[in-house]
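Chemist: I need the structure of the sequence given here:
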Amino acid sequence: MKNTLKIGLVLMAIFVGITSSSFAQKKAKTFKGTINYEMKYSGDGLEPAQIAQMPKESSIKIYENLTLTEQGPATIITNGDLKKVSVLMNLSAYGLKKYLIVRKQEEIEKENKGTIIKYLDETKDILGYKAKKAEITSAPKEDEEDAGTAKITVFYTEELGSELVNYGNEMFHGLNGVALEYEVVTPKITIKGVAKTVEKGKVKETDFLIPSDYVETTMEAFQEEVKALQGGGDE
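Modeler: Reported below is the predicted structural model:
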């Protein structure tokens, strides 16, 4: 009788463990692939020539809770599991080095302390995904006091990831899902991005490794080198 009871308890524990594990995996969905966005810009202070120079498309590579985006000479890699952001600046074409700036959890959390995310009931279908609406209000960064408060309206999906995929993201830090459509409104410019394609696969974990020829530095030291390249400093 005692042996039967023990076996029953062991089987129950295994069943509960499997069920809990399956539920957790189902709840925390992840994605491996690339999302491509169409970009549009507007603003009273923008000249047509300025708008013409801005990128008409952007993309983000995602591997579970890793993301990679490229902006000119900058490559930004976020790691939601390790709670850090790596900024790679390739300025070798300008006679400088390839720089690595690592932003860690304490700095990221401090920078996003004033961000407020309001989740709304509205939903819409975007590329076959159920997208939920949210509004994000973020205070200006310490070095952008004249930029005013940014307001972001976003439609996001939980089918491609959780808040971990947005960790350290300049616009979506803390958002519980992947943005498929968004509009960023600041006093100077309005930026709108709409996902045009969601391409599954063709992204590997090794795509997010930091190349060995990048020299790690601080943001302050990097800014000083860039200032010197531009011919000077404050006069």
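
Chemist: center of this protein - which residue?
Modeler: residue 169 (3.5 Å; CA atoms, centre = their mean).

Chemist: how about the nearest residue to it, chain neighbours excluded?
Modeler: residue 78 (6.2 Å; CB to CB, 6 or more residues apart in numbering). Quick note: C-beta positions are derived from backbone N, CA and C, even for glycine.

Chemist: keeping just the C-alphas, turn stretch 171-178 into PDB.
Modeler: The C-alpha coordinates for stretch 171-178 follow below in PDB (Å, rounded to 0.1, in the frame of the first residue of the first chain):
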ATOM      1  CA  MET A 171      11.400  52.900 -27.800                       C
ATOM      2  CA  PHE A 172       9.800  49.700 -26.500                       C
ATOM      3  CA  HIS A 173      11.600  48.800 -23.300                       C
ATOM      4  CA  GLY A 174       9.100  47.000 -21.000                       C
ATOM      5  CA  LEU A 175       6.500  46.400 -23.800                       C
ATOM      6  CA  ASN A 176       5.000  42.900 -23.500                       C
ATOM      7  CA  GLY A 177       5.400  41.900 -27.200                       C
ATOM      8  CA  VAL A 178       6.900  42.700 -30.500                       C
END
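
Chemist: any idea how far residue 109 is from residue 224?
Modeler: 26 Å (CB to CB, to the nearest Å).

Chemist: with residue 56 instead?
Modeler: From residue 56 across to residue 224, the span is 33 Å (CB to CB).

Chemist: now do residue 70
Modeler: Distance from residue 70 to residue 224, by CB to CB: 24 Å.

Chemist: please apply the same query to residue 79.
Modeler: Applying CB to CB to residue 79 and residue 224 gives a distance of 27 Å.

Chemist: over to residue 130?
Modeler: 47 Å.

Chemist: wouldn't residue 86 be in contact with residue 79 here?
Modeler: Yes. With contact defined as CB atoms under 8 Å, residue 86 reaches residue 79; the gap is 7.5 Å.

Chemist: just want to know which of these two has more residues nearby.
Modeler: Of the pair residue 86 and residue 79, residue 86 is the one with more neighbours under other CB atoms under 10 Å, namely 20 against 16.

Chemist: residues touching that one, list them.
Modeler: 76-79, 100-103, 210 (CB atoms under 8 Å, 6 or more residues apart in numbering).

Chemist: element containing the closest residue in space to it that isn't next to it in sequence?
Modeler: Nearest residue to residue 86, sequence neighbours excluded (CB to CB, 6+ apart): residue 77, at 4.5 Å. Using DSSP states H and E, residue 77 sits within strand 74-79.
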